[in-house]
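S.K.: Everything below, folded, please.
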Amino acid sequence: MAESSQPQENSALDPFRFFSMPDRNPPAFAFGFFGSTEQQSLPLPPPPPCQEVFPEKVPSFLKSTIECVNLNGGITLLKGKVSAYEVFGVPNSDLLPGKYEGGLKLWEGSLDLIKILHSELRDGHLSLTGKKVLELGCGHGLPGIFTSIEGAAVIHFQDFNAEVLRCLTIPNVKANLPRSLVQGESSHKFEADANVSSKVRFFAGDWSEVHNLLLPVSESTPNASSKQGHQSDGYDVILMAETVYSVASLKSLYGLMKKCLRSPDGVVYLSAKKHYFGVGGGTRQFCSLVEEDGAMASCLVAEVADGSSNVREVWKFSYRQ
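M.R.: Sure, this is the predicted structure:
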(Lines give C-alpha, C1' and ligand atoms only; values in the text may rest on other atoms or scores of the structure.)
Protein backbone atom coordinates (compact mmCIF):
# COMPACT_ATOMS: atom_id res chain seq x y z
CA MET A 1 0.00 0.00 0.00
CA ALA A 2 2.62 2.48 -1.04
CA GLU A 3 1.15 5.98 -0.89
CA SER A 4 3.03 9.22 -1.06
CA SER A 5 0.56 11.17 1.07
CA GLN A 6 -0.23 10.76 4.75
CA PRO A 7 -3.83 10.40 5.94
CA GLN A 8 -5.55 13.52 7.23
CA GLU A 9 -5.89 12.26 10.79
CA ASN A 10 -7.56 15.33 12.26
CA SER A 11 -9.90 16.24 9.43
CA ALA A 12 -13.51 15.43 8.61
CA LEU A 13 -12.39 13.82 5.36
CA ASP A 14 -14.83 15.81 3.22
CA PRO A 15 -16.29 15.87 0.67
CA PHE A 16 -18.30 12.62 0.67
CA ARG A 17 -20.68 11.58 -2.07
CA PHE A 18 -23.35 9.18 -0.84
CA PHE A 19 -25.11 6.55 -2.93
CA SER A 20 -28.13 4.34 -2.31
CA MET A 21 -28.18 2.07 -5.36
CA PRO A 22 -25.68 -0.72 -6.10
CA ASP A 23 -23.26 -0.34 -8.97
CA ARG A 24 -23.70 -3.56 -10.93
CA ASN A 25 -21.20 -2.82 -13.68
CA PRO A 26 -17.99 -1.49 -12.13
CA PRO A 27 -15.49 -0.41 -14.78
CA ALA A 28 -12.24 -2.26 -15.29
CA PHE A 29 -8.93 -0.70 -14.31
CA ALA A 30 -5.41 -1.42 -15.49
CA PHE A 31 -3.00 -3.07 -13.08
CA GLY A 32 0.27 -1.63 -11.84
CA PHE A 33 3.03 -3.39 -9.94
CA PHE A 34 6.20 -2.67 -8.05
CA GLY A 35 9.42 -3.45 -9.83
CA SER A 36 10.02 -5.55 -12.90
CA THR A 37 8.31 -8.75 -13.99
CA GLU A 38 11.35 -10.67 -12.80
CA GLN A 39 11.08 -9.12 -9.33
CA GLN A 40 7.39 -9.93 -9.15
CA SER A 41 8.08 -13.60 -9.92
CA LEU A 42 10.34 -14.02 -6.89
CA PRO A 43 8.73 -16.29 -4.27
CA LEU A 44 7.41 -14.65 -1.12
CA PRO A 45 8.48 -15.86 2.31
CA PRO A 46 5.97 -18.12 4.07
CA PRO A 47 3.29 -16.19 5.99
CA PRO A 48 3.65 -15.82 9.75
CA PRO A 49 1.88 -18.45 11.87
CA CYS A 50 -1.75 -17.91 12.80
CA GLN A 51 -2.13 -17.22 16.50
CA GLU A 52 -4.17 -15.45 19.10
CA VAL A 53 -2.32 -12.50 20.59
CA PHE A 54 -2.99 -11.72 24.23
CA PRO A 55 -3.08 -8.20 25.69
CA GLU A 56 -0.50 -8.85 28.41
CA LYS A 57 2.17 -9.47 25.76
CA VAL A 58 2.49 -5.83 24.68
CA PRO A 59 6.22 -5.06 24.36
CA SER A 60 7.59 -2.90 27.16
CA PHE A 61 10.26 -1.24 25.00
CA LEU A 62 7.79 0.86 23.00
CA LYS A 63 7.58 4.56 23.69
CA SER A 64 4.18 5.78 24.85
CA THR A 65 3.05 8.23 22.17
CA ILE A 66 -0.68 8.98 22.11
CA GLU A 67 -2.39 11.23 19.57
CA CYS A 68 -6.00 12.34 19.15
CA VAL A 69 -7.95 11.58 15.98
CA ASN A 70 -10.86 13.99 15.58
CA LEU A 71 -13.67 13.45 13.09
CA ASN A 72 -16.99 15.14 12.41
CA GLY A 73 -19.89 14.42 14.72
CA GLY A 74 -17.87 14.87 17.89
CA ILE A 75 -15.96 11.61 17.38
CA THR A 76 -12.55 11.60 19.06
CA LEU A 77 -10.38 8.49 19.32
CA LEU A 78 -6.88 7.95 20.66
CA LYS A 79 -4.10 6.22 18.77
CA GLY A 80 -0.48 5.32 19.28
CA LYS A 81 2.37 5.95 16.87
CA VAL A 82 5.15 3.49 16.07
CA SER A 83 7.38 2.95 13.05
CA ALA A 84 8.28 -0.09 10.97
CA TYR A 85 11.90 0.40 12.01
CA GLU A 86 10.97 0.42 15.71
CA VAL A 87 8.87 -2.74 15.45
CA PHE A 88 10.46 -4.78 12.65
CA GLY A 89 13.98 -3.35 12.53
CA VAL A 90 13.64 -2.49 8.83
CA PRO A 91 13.66 0.85 6.98
CA ASN A 92 10.31 2.60 7.25
CA SER A 93 8.05 1.34 4.49
CA ASP A 94 4.32 0.97 3.84
CA LEU A 95 4.66 -2.55 2.46
CA LEU A 96 7.16 -5.41 2.61
CA PRO A 97 5.38 -8.29 0.81
CA GLY A 98 5.15 -11.43 2.91
CA LYS A 99 6.67 -9.72 5.97
CA TYR A 100 4.82 -6.49 6.75
CA GLU A 101 1.52 -5.38 5.21
CA GLY A 102 1.26 -1.72 6.22
CA GLY A 103 -0.56 -2.16 9.53
CA LEU A 104 1.45 0.48 11.41
CA LYS A 105 0.18 3.36 9.28
CA LEU A 106 -3.18 5.03 9.81
CA TRP A 107 -4.71 4.86 6.34
CA GLU A 108 -7.36 7.27 5.11
CA GLY A 109 -9.81 4.42 4.55
CA SER A 110 -9.99 3.67 8.27
CA LEU A 111 -11.26 7.16 8.99
CA ASP A 112 -13.63 7.04 6.02
CA LEU A 113 -15.05 3.81 7.42
CA ILE A 114 -15.68 5.30 10.88
CA LYS A 115 -17.51 8.22 9.33
CA ILE A 116 -19.72 5.91 7.27
CA LEU A 117 -20.49 3.70 10.27
CA HIS A 118 -21.49 6.83 12.19
CA SER A 119 -23.80 7.89 9.33
CA GLU A 120 -25.31 4.42 9.00
CA LEU A 121 -26.07 4.35 12.73
CA ARG A 122 -27.52 7.85 12.70
CA ASP A 123 -29.77 7.09 9.73
CA GLY A 124 -30.99 3.77 11.11
CA HIS A 125 -29.31 1.62 8.45
CA LEU A 126 -27.12 -0.20 10.98
CA SER A 127 -27.40 -1.36 14.57
CA LEU A 128 -24.35 -2.48 16.55
CA THR A 129 -25.97 -3.15 19.91
CA GLY A 130 -25.19 -6.71 20.95
CA LYS A 131 -23.51 -7.54 17.62
CA LYS A 132 -20.38 -9.58 16.91
CA VAL A 133 -17.85 -7.57 14.87
CA LEU A 134 -14.67 -8.60 13.05
CA GLU A 135 -12.16 -6.08 11.72
CA LEU A 136 -9.90 -7.65 9.10
CA GLY A 137 -6.48 -6.12 8.42
CA CYS A 138 -7.14 -3.92 11.43
CA GLY A 139 -3.83 -2.09 11.93
CA HIS A 140 -4.72 0.70 14.36
CA GLY A 141 -8.13 -0.90 14.91
CA LEU A 142 -10.02 2.41 15.12
CA PRO A 143 -13.17 1.23 13.24
CA GLY A 144 -13.45 -1.80 15.52
CA ILE A 145 -12.89 0.40 18.57
CA PHE A 146 -15.68 2.68 17.35
CA THR A 147 -18.11 -0.25 17.12
CA SER A 148 -17.38 -1.15 20.73
CA ILE A 149 -18.14 2.39 21.83
CA GLU A 150 -21.42 2.11 19.91
CA GLY A 151 -22.51 -1.06 21.68
CA ALA A 152 -21.03 -4.08 19.89
CA ALA A 153 -20.93 -7.11 22.20
CA VAL A 154 -17.91 -8.87 20.68
CA ILE A 155 -15.07 -7.30 18.70
CA HIS A 156 -12.31 -9.40 17.16
CA PHE A 157 -9.31 -7.73 15.55
CA GLN A 158 -7.23 -9.48 12.87
CA ASP A 159 -3.97 -8.39 11.31
CA PHE A 160 -1.32 -10.11 9.23
CA ASN A 161 1.36 -9.36 11.82
CA ALA A 162 1.25 -10.28 15.51
CA GLU A 163 3.74 -7.45 16.05
CA VAL A 164 1.20 -4.89 14.78
CA LEU A 165 -1.39 -6.21 17.22
CA ARG A 166 1.03 -6.16 20.16
CA CYS A 167 2.63 -2.80 19.42
CA LEU A 168 -0.32 -0.80 18.07
CA THR A 169 -3.78 -2.37 18.05
CA ILE A 170 -3.80 -3.57 21.66
CA PRO A 171 -2.41 -0.28 23.07
CA ASN A 172 -5.04 1.62 21.03
CA VAL A 173 -7.81 -0.59 22.39
CA LYS A 174 -6.56 -0.10 25.94
CA ALA A 175 -6.38 3.67 25.43
CA ASN A 176 -9.96 3.92 24.18
CA LEU A 177 -11.97 1.17 25.88
CA PRO A 178 -12.61 0.11 29.48
CA ARG A 179 -10.10 -2.41 30.74
CA SER A 180 -12.90 -4.88 31.53
CA LEU A 181 -13.53 -5.38 27.80
CA VAL A 182 -10.02 -6.63 27.05
CA GLN A 183 -9.58 -10.30 27.87
CA GLY A 184 -6.69 -11.96 29.63
CA GLU A 185 -5.20 -15.26 28.53
CA SER A 186 -7.85 -17.94 27.91
CA SER A 187 -8.99 -20.50 25.38
CA HIS A 188 -7.97 -19.90 21.78
CA LYS A 189 -11.45 -20.86 20.57
CA PHE A 190 -14.35 -18.45 20.74
CA GLU A 191 -17.41 -19.73 22.62
CA ALA A 192 -20.87 -18.55 21.59
CA ASP A 193 -21.76 -18.02 25.28
CA ALA A 194 -18.48 -16.30 26.15
CA ASN A 195 -18.48 -14.05 29.20
CA VAL A 196 -17.41 -10.42 29.34
CA SER A 197 -13.70 -11.34 29.24
CA SER A 198 -14.06 -12.50 25.62
CA LYS A 199 -15.49 -9.25 24.26
CA VAL A 200 -12.25 -8.09 22.65
CA ARG A 201 -9.72 -10.51 21.17
CA PHE A 202 -6.82 -10.30 18.74
CA PHE A 203 -5.77 -12.74 16.02
CA ALA A 204 -2.76 -12.70 13.69
CA GLY A 205 -2.28 -14.60 10.47
CA ASP A 206 -2.76 -14.83 6.73
CA TRP A 207 -6.30 -14.56 5.32
CA SER A 208 -6.02 -18.02 3.77
CA GLU A 209 -5.58 -19.68 7.18
CA VAL A 210 -6.75 -17.42 10.02
CA HIS A 211 -10.39 -18.57 9.76
CA ASN A 212 -9.34 -21.55 11.88
CA LEU A 213 -9.06 -19.20 14.86
CA LEU A 214 -12.00 -16.90 14.11
CA LEU A 215 -15.73 -17.37 14.57
CA PRO A 216 -16.76 -19.43 11.51
CA VAL A 217 -20.14 -19.87 9.87
CA SER A 218 -21.52 -23.29 10.78
CA GLU A 219 -21.16 -25.77 7.93
CA SER A 220 -24.55 -27.25 8.86
CA THR A 221 -26.32 -23.97 8.20
CA PRO A 222 -28.31 -23.80 4.95
CA ASN A 223 -26.70 -21.84 2.15
CA ALA A 224 -26.83 -18.10 2.73
CA SER A 225 -28.71 -17.62 -0.54
CA SER A 226 -31.61 -19.77 0.65
CA LYS A 227 -34.78 -18.15 1.96
CA GLN A 228 -35.49 -20.52 4.84
CA GLY A 229 -34.83 -17.83 7.43
CA HIS A 230 -32.18 -19.77 9.35
CA GLN A 231 -29.50 -17.90 11.27
CA SER A 232 -25.89 -19.07 11.36
CA ASP A 233 -22.93 -18.47 13.60
CA GLY A 234 -20.35 -16.01 12.41
CA TYR A 235 -19.95 -12.25 12.67
CA ASP A 236 -22.84 -9.84 12.25
CA VAL A 237 -20.54 -7.12 10.90
CA ILE A 238 -17.17 -7.42 9.15
CA LEU A 239 -15.08 -4.27 8.68
CA MET A 240 -12.26 -3.85 6.17
CA ALA A 241 -10.23 -0.71 5.47
CA GLU A 242 -7.55 -0.61 2.75
CA THR A 243 -7.48 -4.41 2.51
CA VAL A 244 -7.91 -4.78 -1.27
CA TYR A 245 -4.61 -3.30 -2.42
CA SER A 246 -3.11 -6.56 -3.73
CA VAL A 247 -4.72 -8.52 -6.57
CA ALA A 248 -3.01 -11.69 -5.35
CA SER A 249 -4.85 -11.63 -2.01
CA LEU A 250 -8.38 -10.73 -3.15
CA LYS A 251 -9.65 -14.32 -3.45
CA SER A 252 -8.33 -15.22 0.02
CA LEU A 253 -9.96 -12.13 1.48
CA TYR A 254 -13.30 -12.82 -0.16
CA GLY A 255 -13.17 -16.47 0.87
CA LEU A 256 -12.53 -15.43 4.48
CA MET A 257 -15.51 -13.07 4.35
CA LYS A 258 -17.83 -15.89 3.32
CA LYS A 259 -16.42 -18.25 5.95
CA CYS A 260 -16.98 -15.77 8.76
CA LEU A 261 -20.05 -13.65 7.89
CA ARG A 262 -23.29 -14.58 9.62
CA SER A 263 -26.10 -15.52 7.24
CA PRO A 264 -28.50 -14.40 6.04
CA ASP A 265 -28.31 -10.89 7.53
CA GLY A 266 -24.58 -10.25 8.08
CA VAL A 267 -23.07 -7.16 6.49
CA VAL A 268 -19.57 -6.20 5.34
CA TYR A 269 -18.25 -2.63 5.05
CA LEU A 270 -15.20 -2.07 2.85
CA SER A 271 -13.39 1.25 2.64
CA ALA A 272 -10.52 1.53 0.16
CA LYS A 273 -9.18 3.25 -2.94
CA LYS A 274 -10.62 2.62 -6.38
CA HIS A 275 -7.14 1.69 -7.55
CA TYR A 276 -3.78 1.23 -5.86
CA PHE A 277 -1.01 2.35 -8.19
CA GLY A 278 2.05 0.18 -7.78
CA VAL A 279 0.33 -2.88 -6.31
CA GLY A 280 -2.58 -3.38 -8.69
CA GLY A 281 -5.65 -3.87 -6.49
CA GLY A 282 -8.61 -1.66 -5.66
CA THR A 283 -12.30 -1.62 -4.81
CA ARG A 284 -13.46 -2.22 -8.37
CA GLN A 285 -11.27 -5.30 -8.73
CA PHE A 286 -12.73 -6.70 -5.52
CA CYS A 287 -16.30 -5.83 -6.51
CA SER A 288 -15.82 -7.63 -9.82
CA LEU A 289 -14.78 -10.75 -7.89
CA VAL A 290 -17.86 -10.50 -5.65
CA GLU A 291 -20.16 -9.96 -8.62
CA GLU A 292 -18.69 -12.92 -10.50
CA ASP A 293 -19.23 -15.22 -7.51
CA GLY A 294 -22.87 -14.17 -7.21
CA ALA A 295 -23.39 -15.00 -3.51
CA MET A 296 -23.39 -11.39 -2.30
CA ALA A 297 -24.98 -8.13 -3.35
CA SER A 298 -22.86 -4.98 -3.38
CA CYS A 299 -23.80 -1.36 -2.85
CA LEU A 300 -21.63 1.73 -3.24
CA VAL A 301 -22.31 3.80 -0.12
CA ALA A 302 -19.94 6.75 -0.56
CA GLU A 303 -17.17 8.22 -2.65
CA VAL A 304 -14.42 10.36 -1.12
CA ALA A 305 -12.45 12.83 -3.21
CA ASP A 306 -10.58 15.15 -0.86
CA GLY A 307 -7.27 15.36 -2.71
CA SER A 308 -5.28 13.58 0.00
CA SER A 309 -5.02 10.36 -2.06
CA ASN A 310 -6.55 8.52 -5.00
CA VAL A 311 -10.34 8.55 -5.09
CA ARG A 312 -11.66 6.36 -2.26
CA GLU A 313 -14.90 4.44 -1.90
CA VAL A 314 -16.96 2.76 0.80
CA TRP A 315 -18.91 -0.36 -0.21
CA LYS A 316 -21.46 -2.48 1.61
CA PHE A 317 -21.85 -6.21 0.93
CA SER A 318 -24.60 -8.57 2.09
CA TYR A 319 -25.93 -11.98 1.15
CA ARG A 320 -28.42 -12.05 -1.70
CA GLN A 321 -31.89 -12.79 -0.36
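S.K.: pLDDT value on Asn6, please?
M.R.: For residue 6 the amino acid is Gln, not Asn. As summarised for this prediction, Gln6 has a pLDDT of 38.
S.K.: pLDDT score for Pro91?
M.R.: Looking at Pro91, its pLDDT reads 72.
S.K.: same thing with Ala192?
M.R.: Here, the pLDDT recorded for Ala192 equals 37.
S.K.: Tell me where this structure has strands.
M.R.: Applying DSSP state E to the chain gives strands spanning 16-18, 51-53, 66-71, 75-80, 132-136, 154-159, 200-204, 237-241, 267-273, 296-304, 312-319.
S.K.: wait, which of those strands is closest to Glu108?
M.R.: strand 312-319 (6.2 Å; C-beta to C-beta). Quick note: C-beta positions are derived from backbone N, CA and C, even for glycine.
S.K.: Starting from Asp233, give me the distance back to Leu126.
M.R.: According to C-beta to C-beta, to the nearest Å, Leu126 stands 20 Å off from Asp233.
S.K.: next one: Gly124
M.R.: Computed with C-beta to C-beta, the distance linking Gly124 and Asp233 is 26 Å.
S.K.: Neighbour count: these two, which is higher?
M.R.: When neighbours are counted by other C-beta atoms under 10 Å, Asp233 comes out ahead of the other of Gly124 and Asp233, with 17 against 7.
S.K.: need the helices for the stretch 151-300 of the chain, in chain order.
M.R.: Remark: helices assigned in the stretch 151-300 of the chain by DSSP state H, counting those that start in this stretch are 162-164, 170-176, 250-260, 283-293.
S.K.: and the third one, how far from the chain's centre?
M.R.: So the one you mean is helix 250-260. Relative to the chain's own centre, helix 250-260 is displaced by 12 Å; criterion: C-alpha atoms, centre = their mean, to the nearest Å.
S.K.: Go through that helix and flag the buried ones.
M.R.: Applying a neighbour-count criterion of 16 or more other C-beta atoms under 10 Å, one finds Leu250, Ser252, Leu253, Tyr254, Leu256, Met257, Lys258, Lys259, Cys260 buried in helix 250-260.
S.K.: just curious, which of those is nearest to Ser83?
M.R.: In terms of C-beta to C-beta, no member of the buried residues of helix 250-260 lies closer to Ser83 than Leu253, at 26.1 Å.
S.K.: which residues of the stretch 101-250 of the chain score low on pLDDT?
M.R.: Residues of the stretch 101-250 of the chain meeting the criterion pLDDT under 70: 180, 183-198, 218-232.
S.K.: Cheers, nothing more for now.
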